[in-house]
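Asker: Generate a structure from the sequence data that follows.
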Amino acid sequence: MNQLVQVAGIIDGDEAELLCAEGVDWLGFPLRLPSGTDDISEEGAKKIISALGPPHAGVLISYLTDAEEVGEFCTQLGVTAVQLHGDVADDQLRKLKSARPDLYVLKSLVVREDNAEELLALVDAVADSVDMFITDTYNPATGGKGATGLTHDWEVSAELVRRSPKPLMMAGGLNPDNVAEAIRQVRPAAVDAHTGLEGPDGRKDVAKVRKFVSESRLAFAQLG
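Answerer: The predicted model follows:
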């Protein structure tokens with residue numbers, strides 16, 4: 001998987017159609033969130049996912065930490081990719097990959113101010129149990145580990161790219177104005193945006209999505 005553009009936080013079918021029309025590859029569905037405030041119902045997400053065709057795909061964004069529960073939820077939704085943002089134990093990652101080799105597993109690397117060495121060690125420990133890593137930004141004010149709208153030290157993400165034997169998706173405060181520079185500095189295999197593409201009404205803004213996709217494609221092409 002390379003040069004992918006993902007947009008997360010899909011609200012409804014109309015938004016999904018907009019994103020696909022604008023060239024987004026993967027649509028992320030955060031569900032069963034710790035806050036209890038999902039953007040869409042599970043049935044609504046399942047309906048959208050079932051209608052997607054290549055190159056588009058639905059991705060479950062989950063804070064679940066039990067391998068069996070994650071696998072069952074993926075089956076229920078009909079997804080073939082899952083993004084794990086919870087504190088999943090190493091043995092649960094291995095169990096999930098063993099039980100569900102059909103699943104494309106992404107593991108989050110949530111960047112804080114002082115945890116770069118911890119994240120590098122995590123990459124070393126679990127790279128054989130995942131297909132891709134995804135960086136994101138921790139919000140110390142809320143404890144949020146995703147969709148914070150905050151950027152982080154991009155050199156940490158760049159070091160993770162250099163260290164990881166698996167591809168890395170970059171997230172964390174990306175928007176149409178900074179995504180190209182982020183790609184040039186970090187050299188990720190994929191990028192993800194959520195709140196940086198939303199308008200005042202909380203829906204994805206078509207102009208922002210269009211620019212985000214075009215800037216991402218151009219920057220990826222320049223990497224060669």
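Asker: what packs against the longest strand that the chain contains?
Answerer: Ordering each strand of the chain by length in residues (DSSP state E) puts strand 104-111 first. Judged by 3 or more Cβ pairs under 8 Å, 6 or more residues apart in numbering; DSSP states H and E, the packing partners of strand 104-111 are strand 81-84, helix 90-99, helix 116-126, strand 132-137, helix 154-163. For glycine as for every other residue, the C-beta is placed from the backbone atoms N, C-alpha and C.
Asker: For the second one, output the C-alpha coordinates as CSV.
Answerer: By that I understand helix 90-99. What follows is helix 90-99, C-alpha atoms only, in CSV (Å, rounded to 0.1, in the frame of the first residue of the first chain):
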residue,chain,number,x,y,z
ASP,A,90,1.6,-7.1,21.8
ASP,A,91,0.1,-10.5,22.3
GLN,A,92,-3.3,-9.3,21.2
LEU,A,93,-1.8,-7.9,18.0
ARG,A,94,-0.2,-11.2,17.3
LYS,A,95,-3.4,-13.1,18.1
LEU,A,96,-5.4,-10.9,15.7
LYS,A,97,-2.9,-11.3,12.9
SER,A,98,-2.8,-15.0,13.4
ALA,A,99,-6.6,-15.4,13.6
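Asker: And it, how far out from the chain middle?
Answerer: Relative to the mean C-alpha coordinate of its chain, helix 90-99 is positioned 19 Å out (Cα atoms, centre = their mean, to the nearest Å).
Asker: what is the mean pLDDT for it?
Answerer: Per-region confidence: helix 90-99 scores 96 on mean pLDDT.
Asker: re earlier: which of the helices and strands packed on strand 104-111 sits closest to L4?
Answerer: strand 132-137 (9.0 Å; Cβ to Cβ).
Asker: which helices and strands does the longest helix seen in the chain pack with?
Answerer: The helix spanning the most residues in the chain, taking DSSP state H as the definition, is helix 206-223. For helix 206-223, the elements it packs on are strand 4-8, helix 13-21, helix 179-186, judged by 3+ Cβ pairs under 8 Å, 6+ apart.
Asker: rerun that using 10 Å as the cut-off
Answerer: Other elements packing on helix 206-223 under the criterion 3 or more Cβ pairs under 10 Å, 6 or more residues apart in numbering; DSSP states H and E are strand 4-8, helix 13-21, helix 179-186, strand 190-193.
Asker: G144 touches T137, doesn't it?
Answerer: Yes: under the criterion of Cβ atoms under 10 Å, G144 makes contact with T137 at 8.5 Å.
Asker: Now list whatever residues contact both of the two.
Answerer: Contact criterion Cβ atoms under 10 Å, 6 or more residues apart in numbering; residues bridging G144 and T137 by contacting each: 110, 150.
Asker: Now do the longest strand of the chain and helix 90-99, the angle between them.
Answerer: 160 degrees (axes from the mean of the first three to the mean of the last three Cα atoms, to 10 degrees).
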